[in-house]
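Novice: Sequence below, structure please.
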Amino acid sequence: MNAGRGRLRTLVEMARVVVAVPGVEIDRRRSSLHQAVRMVRLRSSGRAERSLEGRRRLRRAIALVDARLPGGPNCVRRSLLEMALDAGAAREKLLAGFVSGGGKKSGHAWLEFESVQAKFHDQFDAVIAI
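Specialist: Reported below is the predicted structural model:
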């Protein structure tokens, strides 16, 4: 695939992310994490499961959009967006890790897909799976 086609596909993914952001943000801000995950999974029903390359492209698009949103990047928002836009991601567990006695920004959320690539579990005192 040429570079121009790859950029176009990334722009298309970014447009999909931008359209999905309002619903995901409402779920994330107004609901518990469990409820937000449930609502995003419902929203993603009927979506296609992406290939590995398609999933990477989606993740890049999500990161580009997420970094520019008010309040800066947010790991829960990125995970929920990925689940909302990919059926494979929606079937994965969302994992949330917490540091004992930690304050603001002392936790992290990620999907099982990432756990295979990195050892997030070792950084936290508690990890929940949804």
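
Novice: Report the rounded mean pLDDT for the helix or strand that contains residue 8.
Specialist: Using DSSP states H and E, residue 8 sits within helix 3-30. Averaged over helix 3-30, pLDDT sits at 92.

Novice: Just list what it packs against, helices and strands only.
Specialist: helix 33-44, helix 52-66, helix 75-85 (3 or more CB pairs under 8 Å, 6 or more residues apart in numbering; DSSP states H and E). (C-beta placed from N, C-alpha, C; glycine too.)

Novice: Could I get the CA-only coordinates of stretch 25-33 as PDB?
Specialist: Coordinates of each C-alpha in stretch 25-33 appear next as PDB, following Å, rounded to 0.1, in the frame of the first residue of the first chain:
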ATOM      1  CA  GLU A  25     -17.600  10.800  26.600                       C
ATOM      2  CA  ILE A  26     -21.200  10.900  27.900                       C
ATOM      3  CA  ASP A  27     -20.900   7.300  29.000                       C
ATOM      4  CA  ARG A  28     -17.500   7.800  30.600                       C
ATOM      5  CA  ARG A  29     -18.400  10.900  32.500                       C
ATOM      6  CA  ARG A  30     -21.900  10.000  33.600                       C
ATOM      7  CA  SER A  31     -21.700   6.300  34.400                       C
ATOM      8  CA  SER A  32     -19.600   3.900  36.400                       C
ATOM      9  CA  LEU A  33     -16.800   2.200  34.500                       C
END
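
Novice: Looking only at that stretch, what residues are buried by neighbour count?
Specialist: 25, 27-28, 33 (16 or more other CB atoms under 10 Å).

Novice: Show me what the strand or helix carrying residue 95 is in contact with.
Specialist: Using DSSP H and E, residue 95 maps to strand 94-98. Applying CB atoms under 8 Å, 6 or more residues apart in numbering, the set of residues contacting strand 94-98 from outside is 33, 37, 76, 79-80, 83, 106-112, 115, 120-121, 123-130.
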